[in-house]
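[1] Have a look at this prediction, sequence included:
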Amino acid sequence: MTELLKLSGLTRQYPGVRANDDVSFSIGAGQVHALLGENGAGKSTLVKMIYGLEKPDAGTMQLRGAPYAPNNPQAARASGVAMVFQHFSLFEALNVAENVALGMENPPKMHALAQSIREVSDAYGLPLDPDRIVGDLSAGERQRVEIIRCLLQDPKLLIMDEPTSVLTPQEVEILFKTLRKLQSEGTSILYISHKLEEIRALCDGATILRLGKVVGECDPKVTTARDMAEMMVGQILHVPSREGGETGDVLLDVQGLDFAPANPFGTRLKNVSLRLRAGEVLGIGGVAGNGQDELLSVLSGEAKTGKGAITYCGQDISGLGPNARRKIGLLAAPEERLGHAAAPNMSLTENAVLTGNIRKKLSKNNFVNWKKTEAFARDIIQKFDVRTPGPASAARSLSGGNLQKFVIGREVLQDPTVLVVNQPTWGVDASAAAAIRQSLLDLAAKGAGVIVISQDLDELMEISDHFAALNEGKLTAPRVAKGLTVDEIGMMMGGAHDLEEVAP
Amino acid sequence: MIKFVKRPEPSKAWTIATPILAVILTMILGGILFALMGKDPFAAIRTIFWDPLFNDQFAAYSRPQLLVKAAPLILIAIGLSLGFKAGIWNIGAEGQYIMGALAGAAVGLAFYPTDAWWIFPLMVIAGGIGGFLWAMIPAILKTRFNTNEILVSLMLVYIAEQLLASAALSWLRNPEGNGFPGSRNLSQIPAMSNPELIAGTGTHWGVVAAFAAVVAAYVLINKHMLGFQIRLTGESPRAARFAGVKDKLLVLFCLGVAGALSGLAGLFEVTGPAGQISIDFGAGYGFTAIIVAFLGRLHPVGILLAGLLLALTFIGGELAQFMLGLPSASIQVFQGMLLMTLLGMDIFVNYRLMIVKKEAV
């Protein structure tokens, strides 16, 4: 196999952190190469250097044997390097062809472009109509727009940053077919992902980064996911174990809940029903934007619903606000860490009183006991291994994963009867994610009910007793998680509601 | 190349150092300005910052003025700062100040010529309520109809000014005033006056109230759950809703407190330094207090210092005009410089300067 891109000794220093330290590896022509690593391992910095968004402090790159040092993304594209970002940069009000044209240096005439979009989308099995408005497209279709935009420039190397994080299993299959076809034509792909099973299915080689350094290379086809994960985190994984306690009384009962969010871009919840028993973990899957935020807000009490929609331990709590629900033991942890679950510029101590005030009795006559609050914050930091200089640090100074540990820890340590979490391990590295999952399982083992809303199906399969999926604001009937096949899950997430129901 | 790099956390040292550096920088820049105008820069700076307090000749007059001018600024700014912290923009403190003075004076004059100890306290309460009710108009419109409190509170200033004019010209006009506009002189009616409490210091009840407000605001913001909720709402409204903050109540509270404190400031002014309701009673304290609130970084102690500093430049500026013949425009430029440097230096709290090597293109 000939070498396409060779990196030698790439180093990039940021203030206070060496994001990449002497990184060397090479990608062969027609190879699908995985870049693996925890959050903060330096993957993003590395691909930014390859794509011309950052410049290395030391080290060199070679593309097809010639020195390669792009000053900007235009130069990188001119050399045949294209990138699909994790977050799309598309204009919702424009159609597909117009969006593609905006990303090109010299766009052809619109109808010619539409024609070539059709050709490329046919050739690579990416169904996409160039005349559709992007605002109407699903996340998977939007990603196709980005991919086609890259393919039209006939790249030699395609960089994909966590491409499957927004896709349903069926869409992942389509994407993989496309990538394999590209590979067969000689295009190299640099594939960044957390999802080890995907990498095993798709990639020919893998480079593993930890703390900015290359810690290993492997052939993912013959290496187990567990071994790769251990290389990534540098320690033996603590695999969560379900204690399998008997589930008990109904704690939370939602019947026929309809909810129209105040935000016009929100998703309307339609006739949502669920029942949560003591000791149960209910996993709710689905692609982001199908009502996850809204479901959390009606359960946490931030949004009010019609009378009688939500019953908690036999009491109608539809009219209660967040603090009244906390008082009786119903706690929640929203997805958005900065700005929703925590205030970015406030210290961890202040963020501890944000939800902990009532159950932890952190104030007396409404005067905050800052000593007690700080002790609570320290307790969270210590028990959940939050890495920070101390409770006086601002929430925004923590890395995403550490803040997530803090946010989940803050709720878990308040001993909830019911805990609702949205995306509990989003952006969290493998060992921290395992710790968070274990804490949720421990909570359920002690008799609490836990609802986990997540887009990570592996996570849901690992910890859920029952599984349901949200699709366009509708919730499927919960089914016993054990024994569900990937196809069945995909159909639930895709909105098939006529599946055989299994009573929870 | 010099670059600003965001600090991971706001720097505590710079928070304290920037105002001091800004004042020094203003003195240097102002000195250059005055020198270019052909005046002795050292004399000008000394006249503005030193003479009002320590000159043998004038200090006896100007020193009490410091507290007299600073007290209403501080009192109003403390109220405004609570709302500003929560993202509630009350721009109409001037109107609330006028309405407080009008309500208090009207209640007092209704009892004229009764001489009783309870009249002044009653006027104080009426003054607070007057400002409170005036602030409730934008507050209720905001919570009920989602109107913009900036516009409503600002418009109400002009209505209050018209009410003030009508009071001075007709319904509160002094019947023994030979037809001149303006009410009876409250400061000369013992039951209604707000006298200097300690001779030669300028301390009147308004000064006492201003200091009390500073302490109360400090305790509220730092120790009380409500103060935490105010900060949280300004910091991140969504997190505040998650924390169970009732945002409508908070709007009513913040506007109400600011209105009541502005009303009190108006009442203490009309019964003391101003003496009577007159057409030009509204001297702009309500607007200047917005600057004081931000100069003090919305922190009670900061507001106390900012109020005193601004009052000092007003008094010192007048003195410089009078003593050195500096044009009033140059004094305003100087005051503007002070504000600009203070706000400009603010960037160092959240950013630090870094010298980076120019990258090859």
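    Nice, thanks for sending it over.
[2] Let me know the secondary structure of A:Asn71.
    With DSSP: H, G, I helix; E, B strand; the rest coil as the basis, A:Asn71 sits in coil.
[3] can you tell me how far B:Ala86 sits from B:Gly227?
    Remark: distance between B:Ala86 and B:Gly227 (C-beta to C-beta, to the nearest Å) = 10 Å. (Glycine included, C-beta is placed from N, CA and C.)
[4] what about these two, which has more around it?
    In this view B:Ala86 and B:Gly227 are compared by other C-beta atoms under 10 Å in any protein chain shown, and B:Ala86 has more residues nearby, 24 against 21.
[5] What residues does the residue of the stretch 201-350 of chain B found nearest chain A make contact with?
    Using C-beta to the nearest C-beta, the closest approach of the stretch 201-350 of chain B to chain A is made by B:Gly244 at 3.5 Å. Neighbouring residues of B:Gly244 by C-beta atoms under 8 Å, 6 or more residues apart in numbering or on different chains: A:Gly301, A:Gly321, A:Pro322, A:Asn323, A:Ala324, A:Arg326.
[6] Leaving out chain neighbours, which residue sits closest to A:Val423?
    Quick fix: residue A:423 reads Gln, not Val. Excluding the flanking residues, the one nearest A:Gln423 by C-beta to C-beta, 6 or more residues apart in numbering or on different chains is A:Glu335, at 4.2 Å.
[7] mind checking the SS state of the one you found?
    The three-state label given to A:Glu335 by three-state DSSP is coil.
[8] In which helix or strand does the residue nearest to A:Ser347 when sequence neighbours are not counted reside?
    Among residues not flanking A:Ser347 along the chain, A:Ala392 sits closest, at 5.1 Å (C-beta to C-beta, 6+ apart). Here A:Ala392, judged by DSSP states H and E, is contained in no helix and no strand.
[9] Now A:Ala392: phi and psi?
    Note on A:Ala392: its backbone torsions stand at phi -80, psi -10 [degrees, to the nearest 10].
[10] Could I get the contacting residues of the nearest residue to A:Ser79 once chain neighbours are set aside?
    Distances taken as C-beta to C-beta, 6+ apart place A:Leu63 nearest to A:Ser79, at 5.8 Å, with adjacent residues excluded. For A:Leu63, the contact set (C-beta under 8 Å, 6+ apart) comprises A:Leu4, A:Leu5, A:Ser79, A:Gly80, A:Val81, A:Lys156, A:Leu157.
[11] could you redo the last one with a cut-off of 10 Å?
    For A:Leu63, the contacting residues are A:3-6, A:27, A:50, A:69-70, A:76, A:79-81, A:156-157, by C-beta atoms under 10 Å, 6 or more residues apart in numbering or on different chains.
[12] Which one of the residues you listed sits in the busiest neighbourhood?
    For the contacts of A:Leu63, the largest number of neighbours (other C-beta under 10 Å) sits with A:Val81, at 28 neighbours.
[13] Would you map the strands across chain B?
    Secondary structure of chain B (DSSP state E): strands located at B:2-6, B:351-355.
[14] Go through those strands and name the closest to chain A.
    Taking C-beta to the nearest C-beta as the criterion, strand B:2-6 is the member of these that comes nearest to chain A, at 6.5 Å.
[15] Could you list the alpha-carbon positions for the helix or strand hosting A:Ala433 in PDB?
    If you go by DSSP H and E, A:Ala433 is part of helix A:430-445. Provided in PDB are the C-alpha atoms of helix A:430-445 (Å, rounded to 0.1, in the frame of the first residue of the first chain):
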ATOM      1  CA  ALA A 430     -14.700   6.100  28.500                       C
ATOM      2  CA  SER A 431     -13.600   5.700  32.100                       C
ATOM      3  CA  ALA A 432     -15.700   8.600  33.300                       C
ATOM      4  CA  ALA A 433     -18.700   7.400  31.300                       C
ATOM      5  CA  ALA A 434     -18.300   4.000  33.000                       C
ATOM      6  CA  ALA A 435     -18.200   5.600  36.400                       C
ATOM      7  CA  ILE A 436     -21.300   7.700  35.600                       C
ATOM      8  CA  ARG A 437     -23.200   4.700  34.400                       C
ATOM      9  CA  GLN A 438     -22.200   2.700  37.500                       C
ATOM     10  CA  SER A 439     -23.500   5.500  39.700                       C
ATOM     11  CA  LEU A 440     -26.900   5.400  37.900                       C
ATOM     12  CA  LEU A 441     -27.000   1.600  38.300                       C
ATOM     13  CA  ASP A 442     -26.100   1.900  42.000                       C
ATOM     14  CA  LEU A 443     -28.900   4.300  42.400                       C
ATOM     15  CA  ALA A 444     -31.400   2.000  40.900                       C
ATOM     16  CA  ALA A 445     -30.000  -0.900  43.000                       C
END
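[16] What is the burial count for A:Val412?
    Close neighbours of A:Val412, defined as other C-beta under 10 Å, add up to 23.
[17] Can you report how many residues lie near the spatially closest residue to it that is not a sequence neighbour?
    Leaving aside its chain neighbours, A:Val412 sits nearest to A:Ser439 (5.1 Å; criterion: C-beta to C-beta, 6+ apart). As a burial measure, A:Ser439 scores 21 neighbours (other C-beta under 10 Å).
[18] thought A:Ser439 was touching A:Phe384?
    Yes: A:Ser439 sits in contact with A:Phe384 when judged by C-beta atoms under 10 Å, with a separation of 7.3 Å.
[19] anything in contact with each of these two?
    Listed as contacting both A:Ser439 and A:Phe384 by C-beta under 10 Å, 6+ apart are A:Lys405, A:Ile408, A:Gly409, A:Val412, A:Leu413.
[20] How about the third one: what's its closest non-neighbour residue?
    Translated: A:Gly409. A:Phe384 (3.5 Å).
[21] and the residue of chain A found nearest chain B, what element?
    Closest residue of chain A to chain B, C-beta to the nearest C-beta: A:Asn323 (3.5 Å). Assessed by DSSP H and E, A:Asn323 sits inside helix A:322-327.
[22] just so I have it, where are all the helices in the stretch 151-300 of chain A?
    Ranges of helices within the stretch 151-300 of chain A are A:169-184, A:196-202, A:225-233, A:292-300, based on DSSP state H, counting those that start in this stretch.
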